[in-house]
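Engineer: turn this into a structure:
(2 chains)
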Amino acid sequence: MIVIPAIDLRGGRAVRLLRGDPHEETSYDDDPVAVAVRFQEEGARRLHVVDLDAALDAGGDNREVIRQICYSVVLPVQVGGGLRTLEDIAAVLELGAGRAILGTTAALDPAFVARAVEEFAERILVAVDVRGGHAMVKGWTEEGPALEEVFPSLNEAGTPRYLVTAIARDGTLDGPDLRLYRHVLTLTDRPVISAGGVRTADDIWELRDLGLEAAVTGKALYEKTLKLSQVIRG
Amino acid sequence: MSARIAVLDYGMGNLHSVARALDRVGADVVVTARATEVADADALVIPGVGQFGACMRALRAAGLEDGARGFIAAGRPVFGVCVGMQVLFEGSDEDAEAGLGVLPGRVRRLPPTVKVPHTGWNTVAWTGRRHPYAAGIPDGTAFYFVHSFAPGVDDRTVGVSEHGRVFAAAVSEGGVFATQFHPEKSGEAGLQLYENFVKAVNAA
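Structural biologist: Alright, predicted model coming up:
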């Protein structure tokens, strides 16, 4: 089971938001590059980096920090936040990202996903952010279609891998939404990465036993309710 | 004209930094997941980070296992990095998955007496038969490591390092050269190693 530490960037700093609310921010470290290197030293096998400024479309971005992170670690880095066009995807891969994460708004356009997959293949990771059984768009403020509608068309578009975030759990340490993931795994045969709610190593084992490929974990690592050494052998 | 070097893109590594380092020392680099581009290249770089079995399965899923095998079997120049070195062996303590088996023996876990992963700079001693790629790099130069497993030392070992035990930091057999450390993160010494590799490929 792979635990993927998350680094959310805002104004060049590493922060965590509570349930995606830009007003509920906790800042953890002024130097995200140092955070990335520390995760690598603790045994991480992959990193998850989101550019919140680009995602929230608030003007400005953190591309230079992302470039430095990708340059400073040997790990593959998956990068998301505001990737809406093929050019955005190419730009972030050029910065050194291993995978580009398509946000839910982009992901709800299966024709776009199909084009992205045709061009970038396995380097595409499609994010589906969920609340109450529906995909949520526009910075998690607007309800989109139900999951039963979303997944068949994305599967059809050739999505190689999903990142499914349980919004109501994100940044809460309340434990992952196992019911959601059990359901999602009936809707696709592609690998699924979870995000949201992980607190302890037991949460990780439960996700593994359900069949998740990996779990993006943020707050639990920053608050030290989970240590990478507990979940990574060797 | 500069020789073309294919960096295997199978989703397991920070390929960009490898490609950039090779580019800096004058290589014509293509990062590719296409078997045809691999076959057409003059040399192959196999990067890799993460879990041994996951790397082998990803290599297979990407349809690149046969291409890599063919390349190696033909005696053409191959440079493995980190887990890209480990998969050249028969297997690893980390996973039941078989490796490519190009090099004999297994990759072993570093002892529990030391901190793993072994992360950071560590010195490498070149063994008796100094490999041409190590030319101009003094004995005892430090390189950058991130790993929890490593092969033992045998007569294919060309560089030795120690973390809890002595292990092979660089190995060579036929056209294959591979390092447990990351030359692309190892500053000038790492670039020198890549440059020697690129020069040898160009001269061939």
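Engineer: where's residue A:64 relative to chain B, distance?
Structural biologist: 15 Å (C-beta to the nearest C-beta, to the nearest Å). Placement of C-beta: from N, CA and C, glycine included.
Engineer: next one: that residue, what pLDDT does it get?
Structural biologist: Residue-level confidence at residue A:64 comes out at 95, pLDDT.
Engineer: okay, now the closest residue to residue B:62 other than its chain neighbours: neighbour count?
Structural biologist: Residue nearest to residue B:62 in three dimensions, not counting chain neighbours: residue B:10, with 4.1 Å by C-beta to C-beta, 6 or more residues apart in numbering or on different chains. As a burial measure, residue B:10 scores 25 neighbours (other C-beta atoms under 10 Å in any protein chain shown).
Engineer: with the one 3 residues further on instead?
Structural biologist: Residues near residue B:13, counting by other C-beta under 10 Å, number 28.
Engineer: I'd assumed residue B:58 was in contact with the residue nearest to residue B:62.
Structural biologist: Yes. At 4.7 Å, residue B:10 and residue B:58 qualify as touching, with contact defined as C-beta atoms under 8 Å.
Engineer: hang on, the earlier thing: is the residue nearest to residue B:62 in a helix, a strand, or coil?
Structural biologist: In the three-state summary, residue B:10 is assigned as coil, counting by DSSP: H, G, I helix; E, B strand; the rest coil.
Engineer: now do the same contact list for it.
Structural biologist: Taking C-beta atoms under 8 Å, 6 or more residues apart in numbering or on different chains as the contact definition, residue B:10 lies against B:33, B:55, B:58-59, B:61-62, B:64.
Engineer: need the buried ones from those residues selected in PyMOL.
Structural biologist: Once 16 or more other C-beta atoms under 10 Å in any protein chain shown is used to decide burial, the buried members of these can be selected in PyMOL as follows:
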select buried, chain B and resi 33+55+58+59+62+64
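Engineer: looking at the contacts of residue B:10, which are in helices?
Structural biologist: Among these, DSSP state H puts B:55, B:58-59, B:61 in helices.
Engineer: all strands for chain A, in order.
Structural biologist: Listed in chain order, the strands of chain A (DSSP state E) span A:2-10, A:13-18, A:21-29, A:47-51, A:77-80, A:99-102, A:124-131, A:134-137, A:142-146, A:162-166, A:192-195, A:214-217.
Engineer: worst mean pLDDT among those?
Structural biologist: In terms of mean pLDDT, the lowest-scoring of these is strand A:21-29 (a mean of 82).
Engineer: and the pLDDT for the residue nearest to residue B:62?
Structural biologist: What the model reports for residue B:10 is a pLDDT of 83.
Engineer: quick check: phi and psi at it.
Structural biologist: According to degrees, to the nearest 10, the main-chain angles of residue B:10 amount to phi -130, psi 30.
Engineer: quick check: it vs residue B:65, distance?
Structural biologist: Using C-beta to C-beta, to the nearest Å, we find residue B:10 at a distance of 9 Å from residue B:65.
Engineer: same check on residue B:5?
Structural biologist: Here the criterion is C-beta to C-beta. By it, residue B:5 lies 19 Å from residue B:65.
Engineer: compare the two (neighbour count), which wins?
Structural biologist: More neighbours surround residue B:5 than the other of residue B:5 and residue B:65, with 25 against 18 (other C-beta under 10 Å).
Engineer: near chain B, which residues of chain A?
Structural biologist: Residues of chain A that fall close to chain B, judged by C-beta under 8 Å from any C-beta of the partner chain: A:2, A:40-41, A:43, A:45-46, A:70-71, A:73-77, A:93-99, A:121-123, A:233-234.
Engineer: of those, buried ones?
Structural biologist: Of the members of the residues of chain A next to chain B, the ones counted as buried by neighbours, 16+ other C-beta under 10 Å, are A:2, A:40-41, A:43, A:45-46, A:70-71, A:73-77, A:93, A:95-99, A:122-123, A:234.
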